[in-house]
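A.B. asks: Sequence and predicted structure are below.
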Amino acid sequence: MATMKAIRLAQPFDITCVTTEIPHPRENEALIKIGAAGICGSDIGAFRGTNSLIRYPRLIGHELAGKVVALGPGDTHGIKVGDRVVVDPYRYCGACYPCSIGRTNCCEHLQVLGVHVDGGMAEYFAHPTNLLVRIPDELSYVQAAMAEPLTISLHGIHRGRLQAGEYCAVIGAGPIGLVAGLVAQGYKAHAILIDIVQERLDFARRLGIEHVVNSTKEDPSEAIRAITGGTMAQQVLECSGANVAIRNTLDYASNAGRIVLTGWPKRETSLPTDMITKKELDICGARTSAGEFQEALELIRTKQVDMTRILTETVDLDQAPRIIQDIERRPDKYMKVVILVDESLS
Ligand SMILES: NC(=O)c1ccc[n+]([C@@H]2O[C@H](COP(=O)([O-])OP(=O)(O)OC[C@H]3O[C@@H](n4cnc5c(N)ncnc54)[C@H](O)[C@@H]3O)[C@@H](O)[C@H]2O)c1
Ligand SMILES: [Zn+2]
Ligand SMILES: [Zn+2]
């Protein structure tokens, strides 16, 4: 039996690097030697046990880039042994109503790696060939692994149909919100990033975000009014998951504006819906991403969104349990951590 190392949660707060069997690629699947695997907020949620969808034990990890080393029988979708690929980690059925209209991220039977099925924070991983996207030659596996969080931000921007010249208020300067601000600016819109932690806003300024607002120090509505010359933001993207922030999106949006909810709140939010009618707001959710990896890789390649600048550190696979424990304890110390699984993989 050929074995590999993998990061496994036996139950919440019980994480180890285990030795397990290398998976076999099944029909329409490829076996990938993993080069790099990102640690996501949702991996920390799995570690904490706050995601009710997860069954334990579970191998975690869904931000994966590597090299195809074998193909299973069936449809290869043009993928060949030796291809450098990134994993689109949302497995969909292809037959339900949302899948039939191309909204595969809303599949009724969606299976997310590390949540519903085992993930790939491991030396090898098998995945459907139609969910593999080739990596441009210039990108490292570490850069490519960071395409996944970028697709989340990108999907939020797409859902709000952001146009050049508009103002986009983004709440939450964590990886998702900060990158959304960079995407907005890549789209030639003006980003206004709002957070309650000054260090995160200072970091965002250093990365070139045009406007930052600390909502503990000034009234964001007034700040946005001043920045937009009274119009308010044509798009508001909620990336904090805080109930109060969700409520405030209604104040930050312009008349006829669009609000996109990407953050996952833990509790219900009550909203004054008269404001939605009065301003004629479009409010929508944004969940994961659908067919957006190609554009994400292109944004990284052209450095319109330089993901390496949000990289806090890289560690090897053996160090993953320790760093996940530390991120859980001190989240403000970290922006993005990527596990360099195989440093020598070309
Ligand atoms: N929709 C999806 O598919 C999807 C995917 C990934 C993450 N998410 C969600 O997106 C959110 C952001 O993810 P992240 O990894 O960047 O998280 P994060 O925790 O690193 O960042 C959240 C940021 O929000 C800030 N914040 C908290 N309360 C605030 C408030 N009242 N006003 C302004 N800012 C506030 C925090 O200081 C922090 O900087 C989370 O809710 C996460 O669950 C959604
Ligand atoms: Zn992720
Ligand atoms: Zn489906």
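C.D. replies: Ah, there it is. Ligands and ions are numbered 1, 2, ... in the order given.

A.B. asks: Skipping adjacent residues, who's closest to the spatially most central residue of the chain in space?
C.D. replies: By CA atoms, centre = their mean, the chain has its centre lying nearest to P149, at 2.4 Å. In space, and not counting its chain neighbours, P149 is closest to P175: 5.4 Å by CB to CB, 6 or more residues apart in numbering. No exception for glycine: its C-beta is placed from N, CA and C like everyone else's.

A.B. asks: Could you list the low-pLDDT ranges of the stretch 151-300 of the chain?
C.D. replies: Low-confidence segments of the stretch 151-300 of the chain (pLDDT under 70): none present.

A.B. asks: Number of residues surrounding the closest residue to ligand 1 within the chain?
C.D. replies: Closest to ligand 1 within the chain is G174: 2.1 Å, counting by CB to the nearest ligand atom. G174 has 22 neighbours, counted by other CB atoms under 10 Å.

A.B. asks: Could I get the contacting residues of it?
C.D. replies: G41, R200, C239, S240, M335 (CB atoms under 8 Å, 6 or more residues apart in numbering).

A.B. asks: try 7 Å
C.D. replies: G174 sits next to C239 when contact means CB atoms under 7 Å, 6 or more residues apart in numbering.

A.B. asks: same thing with I209?
C.D. replies: Neighbour list for I209: G181, A191, L193 [criterion: CB under 7 Å, 6+ apart].

A.B. asks: pLDDT score for the residue nearest to the centre of the chain?
C.D. replies: On the pLDDT scale, P149 is placed at 97.

A.B. asks: Can you tell me, leaving aside adjacent residues, what's nearest to the closest residue to ligand 2 within the stretch 151-300 of the chain?
C.D. replies: Proximity of the stretch 151-300 of the chain to ligand 2 (CB to the ion) peaks at I152, 6.7 Å away. In space, and not counting its chain neighbours, I152 is closest to I176: 5.5 Å by CB to CB, 6+ apart.

A.B. asks: One more: L182?
C.D. replies: Nearest non-adjacent residue to L182 (CB to CB, 6+ apart): V305, at 4.8 Å.

A.B. asks: Regarding the one you found, what is its secondary structure?
C.D. replies: coil (DSSP: H, G, I helix; E, B strand; the rest coil).
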